[in-house]
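Enquirer: Starting from these lines, generate the structure:
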Amino acid sequence: MGKVTGFLEIDRQVHKYQPASDRIRHFREFTLPMSDKEVEKQAARCMDCGIPFCHGPTGCPIHNQIPDWNDLVYNGDWDNAIRNLHSTNNFPEFTGRICPAPCEEACTLNLEDIPVAIKTVEQAIADKAYETGHIRPY
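Expert: Numbers count the residues shown, from 1 in each chain. Coordinates of the predicted model:
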């Protein structure tokens, strides 16, 4: 899963938001997306922790297979990442934005370090799926 030493070498980074003064003037997306390479680096921080609490009872309430899709994103396999995410989650385009991310609180790296940016990676997977036609608006 991820890069073996990724959590030691790569600092946590999450997407940024437009300033509130801009957001109040429109109803469009207000998160500033990260590049694919930046997201792949964040996915590389997911380590082979043995017991992934992120998708256990104290983590993701819908049991997303977080280490699996982090590994797929790290390896640039975005198509299979959305397939994996859709195997447990019908609406990652919503949950990647509105979920309070208990998975990040349950992340093993959160014990002493900053957790993997799981919510940011999930949102990026859904956004990439829109770009490539794996998710289509109706």
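Enquirer: What ranges does the protein have for its helices?
Expert: 6-9, 20-23, 36-44, 66-74, 78-86, 92-98, 102-106, 118-132 (DSSP state H).
Enquirer: So which elements touch the first one?
Expert: For helix 6-9, there is no helix or strand it packs on, judged by 3 or more Cβ pairs under 8 Å, 6 or more residues apart in numbering; DSSP states H and E. Heads up, the C-betas are built off the backbone N, CA and C, glycines and all.
Enquirer: Now for the residue nearest to Ile82 when sequence neighbours are not counted: which residues touch it?
Expert: Take Ile82 and drop its neighbours on the chain: the residue closest to it by Cβ to Cβ, 6 or more residues apart in numbering is Ala129, 4.2 Å away. By Cβ atoms under 8 Å, 6 or more residues apart in numbering, the contact list for Ala129 reads Trp78, Ile82, Pro92, Glu93, Ile135.
Enquirer: what about the fourth one, distance to His86?
Expert: Spelled out, that is Glu93. Going from Glu93 to His86 by Cβ to Cβ, to the nearest Å gives 11 Å.
Enquirer: quick revisit: please tabulate the helices of the chain in TSV, including the columns mean pLDDT and distance to Pro52.
Expert: Below are those laid out as TSV (pLDDT from 0 to 100; distance: least, Cβ to Cβ, whole Å):
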stretch	mean pLDDT	distance to Pro52
helix 6-9	88	13
helix 20-23	94	34
helix 36-44	96	14
helix 66-74	95	5
helix 78-86	96	14
helix 92-98	91	18
helix 102-106	96	9
helix 118-132	95	11
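Enquirer: Tell me the spacing between Ile24 and Gln18.
Expert: 10 Å.
Enquirer: thinking again about what came up before, now the contacts of Ala129 as a markdown table including distance to Asp48 and neighbour count?
Expert: As requested, the contacts of Ala129 are exported to a markdown table (distance: Cβ to Cβ, whole Å; neighbours: other Cβ atoms under 10 Å):
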| residue | distance to Asp48 | neighbour count |
| --- | --- | --- |
| Trp78 | 21 | 21 |
| Ile82 | 22 | 22 |
| Pro92 | 23 | 24 |
| Glu93 | 28 | 17 |
| Ile135 | 29 | 17 |
